[in-house]
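> take a look and give me a structure for this.
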Amino acid sequence: MNDQLETLGQVKRTIIDLAIQFGPKVLVATAIIVAGVFVGRWAGRLIDGGLIKFNLEPPVRQLLVRIVRVFVLGLFAIMALQNLGVELLPLIAGLGVAGAGVALAMQGVLSNMVAGLTIIFSRPFRVGEYISIGGEEGQVENISLFNTVLSHPDLSQVVIPNRKIVGEILHNYNNIRQVEVAVSVAYDSDLNNIISVIGEVLRDNPRTLKDPVPIIAVSMLGDSSIKIAVKSWVKAPDYGLAGGEIKKIIVETFRSREIVIPFPRYEVQMIEGVV
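Below you'll find the predicted structure:
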């Protein structure tokens, strides 16, 4: 019984000694970490206010603000460890070796990250713009550090890794697209009247933009008809519907005004005596 009491007494004395020796350091380290949290938030708000002037996308600003907060908190964590007497050089060396191994195992992720930073700062496109790249197209919904999300015209989403974007040929339509329609008319038609009629059709269509001005011009002289190119601009989301509407209205208008849309004709001659 006496041995147990003596053991408990030794444990209590050890705990008290440790509390006296390390207690103040732990309290100071905790205070440093708490201060780091508040300073990180303050630095984040300061950086966010400065980035607004550069007209960056909201997801990009949020990412940079988080990086700043983590960096500031990391500095305060180092200060806290130093206060506790932790040897930082062996810790940093160990983290370096571990970081090299992680980097080798995550080459694809890191390449996406580097490509994402390239997209963020070079800004070849922005959220809301319509782009085409690598056989895929759609309206940009989100730009993150690792991938870019497009909303496809069929109401699905396309997620493209950023490394598949950087270095590829990119077609940025911005917010509008050009609808091209080819119209055939007979050779004896009044071209000026037909161009005027098509112009009326485009002006009456609510999807067709007035600026840029639509292009209506003779494009080709075919075997049995004159080809007229009709090029008008619409908002990117209206592209799929506008082409069909314009073609339908042109056909109905031509019929009502008795404008002939010819079809190919072939003349076959039968020569007697030829087998």
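> which stretches in the stretch 101-250 of the chain count as strands?
130-133, 136-143, 147-151, 157-161, 170-174, 176-185, 215-221, 226-235 (DSSP state E, counting those that start in this stretch).
> run through the stretch 101-250 of the chain and note the low-pLDDT ranges.
101-108 (pLDDT under 70).
> quick one: residues in contact with stretch 128-137.
For stretch 128-137, the surrounding residues in contact (Cβ atoms under 8 Å, 6 or more residues apart in numbering) are 125, 138-140, 150, 152-153, 158, 160, 164-165, 168-175, 177, 236. To be clear about C-beta, it is placed using only N, CA and C from the backbone, and glycine gets the same treatment.
> give me that answer again for 7 Å
The contact list for stretch 128-137 (Cβ atoms under 7 Å, 6 or more residues apart in numbering) reads 125, 139-140, 150, 158, 160, 164-165, 168, 170-175, 177, 236.
> just the buried ones from the residues you listed?
For the contacts of stretch 128-137, a burial check counting by 16 or more other Cβ atoms under 10 Å picks out Phe125, Gln139, Val140, Leu150, Val158, Ile160, Ile165, Tyr173, Arg177, Ala236.
> give me the neighbour count for the closest residue to Ile228 other than its chain neighbours.
The shortest distance from Ile228 to any residue other than its chain neighbours is 4.5 Å, reached at Val183 (Cβ to Cβ, 6 or more residues apart in numbering). As a burial measure, Val183 scores 22 neighbours (other Cβ atoms under 10 Å).
> pretty sure Val183 sits against Ile226.
No. Applying Cβ atoms under 7 Å as the test, Val183 and Ile226 come out as separate, 9.0 Å apart.
> if I look at Gln62, how far off is Ile120?
11 Å (Cβ to Cβ, to the nearest Å).
> cool, and His171?
20 Å.
> now do Val218
Relative to Ile120, and taking Cβ to Cβ, Val218 is found at 46 Å.
> neighbour count for these two, which is higher?
Ile120 (19 against 13).
> which residues does Met79 contact?
Contacts of Met79 (Cβ under 7 Å, 6+ apart): Ile32.
> now swap in Ile216 and tell me
Ile195, Ile198, Gly199, Ile228, Val230.
> report the beta-bridge partner residues of it.
Val230 (DSSP bridges).
> which of the contacts of Ile216 are buried? Put it as a ChimeraX command.
Buried members of the contacts of Ile216, defined by 16+ other Cβ under 10 Å, are picked up in ChimeraX with:
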select :195,198,228,230
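> and the two most separated of the contacts of Ile216?
Using Cβ to Cβ, these span at most 11.3 Å, a distance reached by Gly199 and Ile228.
> Phe76 against Gly36, yeah?
Yes. Counting by Cβ under 7 Å, Phe76 sits close enough to Gly36 to count as a contact (2.7 Å).
> against Ala242, how distant is Ser232?
Counting by Cβ to Cβ, the gap from Ser232 to Ala242 is 8 Å.
> okay, and the common contacts of the two?
Contacts common to Ser232 and Ala242, judged by Cβ under 7 Å, 6+ apart, are Val179, Thr208.
> wait, a strand at Gln269?
No. Counting by DSSP: H, G, I helix; E, B strand; the rest coil, Gln269 is located in no strand; its state is coil.
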